[in-house]
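> with the input below, show me the fold.
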Amino acid sequence: MFFSGISDEAGQAIETQIKAHQELGWAYLEVRNVDGENLALMPEKKFEQVYEKVTAAGLKVSCFAGCIGNWAKQISGDFSSDFNELKTAIPRMHRFGTRYLRIMSWPNDTAQPWSEADWAREVIRRLKVLSKMAEDGGVVLAHENCSGWGGESVENSLLLVEEINSPAFKLLYDTGNVVPHGQDPWEFYTRTRPYTVYVHIKDYRREGEKFVATFPGEGQGMLREILSDLLASGYQGAISIEPHLASVVHEGKVGKEEVAYQTYLTYGRKLMKLVESIRK
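This next block holds a predicted model:
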């Protein structure tokens with residue numbers, strides 16, 4: 001098991017993201033956006049600049065935090081944007097030596113929701129297409145339990161694995177997403193664990209009618225129990241922080257530069273301390 005993090009929560013510039021991971025002593029970062037542009041979608045020239053800076057710093061990219069099927073899209077949207085993103089991402093992932101691309105599974109339409117059956121059918125159709133493309137390209141799609149059909153329940157996530165039936169389709173478990181969705185963290189984790197290849201570290205607790213992001217182990221995501229099980233079961237993948245405290249980048253919330261940076265460092269150090277306490 002090794003540490004990583006969705007580094008744009010430390011800052012928007014790649015130099016800031018690199019600095020944060022160097023200060024934490026981590027060898028990996030999970031790249032989502034640089035200056036507001038996603039790694040799989042930015043122009044080639046900018047991608048090359050990011051690549052040069054990350055590799056010159058001696059760091060590796062554990063995962064591309066992509067946009068496929070994410071919260072900003074709906075099931076009726078144009079699938080070609082997701083197809084083209086993966087087409088662009090594959091050679092860029094090879095450039096970095098990165099195996100995983102984070103994806104989701106398309107939220108239902110808000111104005112005119114699809115039936116459950118039609119929604120599921122189209123999600124599965126799309127993911128079969130993308131999984132075949134990923135398999136041919138030698139990469140793995142890591143589906144996060146977040147926005148989209150697959151994140152609605154543990155049963156949906158497991159059904160995706162069964163229906164897609166591809167070595168290029170696996171699961172990414174986010175420890176924080178289950179709490180605001182009213183799901184049982186331990187049940188979701190244990191049932192999806194056999195197919196989980198990547199883990200995001202968030203934590204939340206309920207305060208009245210609100211759900212509040214917390215530092216790791218201070219919420220209701222059962223982080224200590226889950227991390228203990230990951231260690232005991234020999235998990236070799238990343239545990240990648242996504243604090244959602246000073247910044248919630250996908251919602252357009254970018255905290256003040258120094259506050260975001262220091263919060264990210266504090267979050268990382270608290271996670272390391274939690275893992276160390278479990279190992280003792």
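
> just the residues contacting whichever strand or helix holds Ile18, thanks.
Using DSSP states H and E, Ile18 sits within helix 14-24. Helix 14-24 has contacts (C-beta atoms under 8 Å, 6 or more residues apart in numbering) with 3, 5, 7-8, 10-11, 27-29, 31, 34-35, 49-50, 53-54, 57, 59, 257, 261, 264-265, 268-269, 272. C-beta coordinates here come from the backbone N, C-alpha and C atoms, glycine included.

> at 7 Å what do you get?
5, 7-8, 10-11, 29, 34, 50, 53-54, 57, 59, 261, 264-265, 268 (C-beta atoms under 7 Å, 6 or more residues apart in numbering).

> with stretch 28-45 instead?
2, 4-8, 12-14, 17, 21, 46-47, 50, 59-67, 85, 88-89, 92, 238, 240, 249.

> so which of those are in strands?
By the criterion of DSSP state E, membership of the contacts of stretch 28-45 in strands covers 2, 4-5, 60-65, 238, 240.

> what's near enough to touch the residue nearest to Tyr195 when sequence neighbours are not counted?
Spatial nearest neighbour of Tyr195, excluding adjacent residues (C-beta to C-beta, 6 or more residues apart in numbering): Leu171 at 4.6 Å. Counting by C-beta under 7 Å, 6+ apart, Leu171 touches 142-143, 157, 161, 192, 195-197.

> from Tyr235, how far out is Leu171?
From Leu171 across to Tyr235, the span is 13 Å (C-beta to C-beta, to the nearest Å).

> please apply the same query to Leu130.
25 Å.

> more crowded one of these two?
Neighbours per residue (other C-beta atoms under 10 Å) separate Leu130 from Tyr235, with Leu130 holding more: 25 against 17.

> torsion angles phi and psi at that one?
phi -70, psi -40 (degrees, to the nearest 10).

> that one contacts Leu141, doesn't it?
Yes - using C-beta atoms under 7 Å, Leu130 makes contact with Leu141 at a distance of 6.2 Å.

> what subset of the ones in strands among the contacts of stretch 28-45 is buried?
Buried residues within those, defined by neighbour count using 16 or more other C-beta atoms under 10 Å: 4-5, 60-65, 238, 240.

> pull the most distant pair out of these.
Between any two of these, the greatest separation by C-beta to C-beta is 14.7 Å, found for Lys60 and Ala65.

> shaky segments in the stretch 151-280 of the chain?
Within the stretch 151-280 of the chain, the set of residues satisfying pLDDT under 70 comprises 246-255.

> now the strands for it?
169-174, 196-201, 204-207, 210-213, 238-241 (DSSP state E, counting those that start in this stretch).

> what about dumping the CA coordinates of the first one to PDB?
Put plainly, it is strand 169-174. The C-alpha coordinates for strand 169-174 follow below in PDB (Å, rounded to 0.1, in the frame of the first residue of the first chain):
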ATOM      1  CA  PHE A 169     -12.800  -2.800 -15.700                       C
ATOM      2  CA  LYS A 170     -12.300  -2.700 -11.900                       C
ATOM      3  CA  LEU A 171     -13.600  -0.700  -9.000                       C
ATOM      4  CA  LEU A 172     -12.300   2.300  -7.100                       C
ATOM      5  CA  TYR A 173     -13.600   2.600  -3.500                       C
ATOM      6  CA  ASP A 174     -14.000   6.100  -2.100                       C
END
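
> partner strands of it, parallel or antiparallel?
Partners of strand 169-174 in the sheet, by DSSP bridges, are strand 140-148 (parallel), strand 196-201 (parallel).

> which ones are touching Ala57?
By C-beta under 7 Å, 6+ apart, the contact list for Ala57 reads 18, 22.

> and the one 10 residues further on, by the same measure?
With contact set as C-beta under 7 Å, 6+ apart, Cys67 has these partners: 38, 41, 85.

> which among these end up buried?
38, 85.

> which ones among the contacts of Cys67 lie within helices?
If you go by DSSP state H, the contacts of Cys67 have Glu85 in helices.

> which among the contacts of Cys67 gets closest to Gly217?
Asn38 (29.8 Å).

> tell me where the stretch 101-250 of the chain has helices.
116-137, 154-164, 185-192, 223-232 (DSSP state H, counting those that start in this stretch).

> with distance to Ile278 added, can I get the ones you listed in a markdown table?
Converted to a markdown table, those look like this (distance: least, C-beta to C-beta, whole Å):
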| stretch | distance to Ile278 |
| --- | --- |
| helix 116-137 | 33 |
| helix 154-164 | 24 |
| helix 185-192 | 15 |
| helix 223-232 | 5 |
